[in-house]
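[1] Build me a structure from this.
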Amino acid sequence: MEGLCSSEEMLTKATQLWTMLDDMAENNPKSYCHFMQQQLKEAKQHYAPPEPCLCLKTCILEPTKTCLFINLCSWSRIPAPKSPSEPILLSAGKMETLSDNSEICSILDVAYSPSVLERVKDNPPEKDLLIRMLLKYAEEHFNVTLSQSWSVAKFKLKGSLERMRQSLRREQPPLAASQRNPNKEVTLSQLRNLRAKDSSGLILPPAKNPAASKKRLIEEISTTNKPEGLKPAYQMTTKKDADDKPLEVELKIELPGVCGVSECNLSVSKDDVLVECLEKYRLRVDLPASVDEEATSATFYKKEGVLHIRMPVHEGK
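    Below you'll find the predicted structure:
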């Protein structure tokens, strides 16, 4: 009976829609023509196949060392984020093993919304962050360990166009790269908050959710417990205004031997900072004033091996 009612309701709504279109065609032909053209355009875009944009080359380290090619594709079927706080969706095919000139390699096809790829196309820091988040997603989703070193291949697509499209079409609906673990998500607000300091630095995005007690700014997937590291040298300063009111807390941490942000975990709460770099270093520092976690930013300078954290003080604190 419920199914019958549902069918009747659908029939009623369809009748109402056709009546509205008939009235529009009779009373306002231009609007009707524009409406139908828009519907056809959107339908064409929705059913358009994924198109290759670029191909990344990296290496699977575990369980078996293999060359991995990741085809980054543009697909209008993938919804674009409606706001900067929404996670960026992707659709991924299965990781396949193919023979290439008598050598074995693996291929992974991944599709994003065209607007996402267009946004990062001419912005190297944004593109770098998106790719790093993709590598983390691939590690967790396919249970592999990847090299953090990658390059852009000279070709846009590894393998055939037909194979790539079949791979993406037979997979599940688009999901967030963070769906298996919400701490891994990347949002448009994170991409927009990147600030280029110099060519030697990698920028860490500010925390997304100020309500979280210790929101991860960067995170490394880890499956084993590692021993605590040494306490690194650091310098903390507080910037104040003319009335001696604290405005910003700056923390510079020396991390010799650390090659990049992939080796570090950084957590910032309103009262303290925690930095962990695998088994090398561990530092927890109490802050002299309550800081704004959402506005916090961090930059890692590879040449100097220094992590520079800027934490604006909460107003009224």
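[2] ok, the residue lying closest to Pro50 once chain neighbours are set aside - contacts?
    Spatial nearest neighbour of Pro50, excluding adjacent residues (CB to CB, 6 or more residues apart in numbering): Trp75 at 3.9 Å. In this view, the C-beta of every residue, glycine as well, is placed from N, C-alpha and C. By CB atoms under 8 Å, 6 or more residues apart in numbering, the contact list for Trp75 reads 48-51, 91, 111-114, 168.
[3] So what sits opposite Tyr301 in the bridge?
    Listed beta-bridge partners, Tyr301: Gly201, Val306 (assigned using DSSP bridges).
[4] Test my guess that it contacts His308.
    Yes - using CB atoms under 8 Å, Tyr301 is in contact with His308, at 6.8 Å.
[5] end to end, how far does stretch 257-271 reach?
    28 Å (CA to CA, to the nearest Å).
[6] List the buried residues for it?
    Going by neighbour count (16 or more other CB atoms under 10 Å), the buried part of stretch 257-271 is 258, 261-270.
[7] mean confidence for it?
    For stretch 257-271, mean pLDDT is 77.
[8] chain center to it, what's the gap?
    Centroid separation for stretch 257-271 versus its chain: 17 Å, with CA atoms, centre = their mean, to the nearest Å.
[9] Now do the contacts for Asp272.
    284-287.
[10] quick one: which of these is nearest to Thr12?
    Checking the contacts of Asp272 against Thr12 with CB to CB, the nearest one is Leu287 at 61.5 Å.
[11] so who does that closest one touch?
    249, 270-273, 311.
[12] Turn those residues into TSV, columns for distance to Lys231 and secondary structure.
    TSV is the format used below for those (distance: CB to CB, whole Å; DSSP: H, G, I helix; E, B strand; the rest coil):
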residue	distance to Lys231	secondary structure
Val249	19	strand
Lys270	22	coil
Asp271	19	coil
Asp272	14	strand
Val273	13	strand
Met311	20	strand
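[13] Identify the residues contacting the longest strand seen in the chain?
    For the chain, the longest strand by residue count, based on DSSP state E, is strand 51-62. With contact meaning CB under 8 Å, 6+ apart, strand 51-62 is reached by 65-75, 106, 117, 131, 135, 144-147, 149-153, 155-158, 161, 164.
[14] Sitting in strands, which of the residues you listed do you find?
    66-74, 106, 145-146, 151-152.
[15] what ranges do the helices span in this protein?
    For the chain, helices defined by DSSP state H occupy the ranges 2-27, 29-47, 114-121, 124-142, 161-169, 188-192.
[16] Could you provide these in TSV, with additional columns for mean neighbour count and distance to Met95?
    Output for the helices of the chain, formatted as TSV (neighbours: other CB atoms under 10 Å; distance: least, CB to CB, whole Å):
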stretch	mean neighbour count	distance to Met95
helix 2-27	10	40
helix 29-47	11	26
helix 114-121	17	21
helix 124-142	19	5
helix 161-169	17	10
helix 188-192	19	26
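[17] Go through the ones you listed and name the closest to Ala233.
    helix 124-142 (27.2 Å).
[18] pLDDT averaged over that closest one - what is it?
    Mean pLDDT, computed over helix 124-142, is 88.
[19] And for stretch 296-309?
    Stretch 296-309 comes out at a mean pLDDT of 84.
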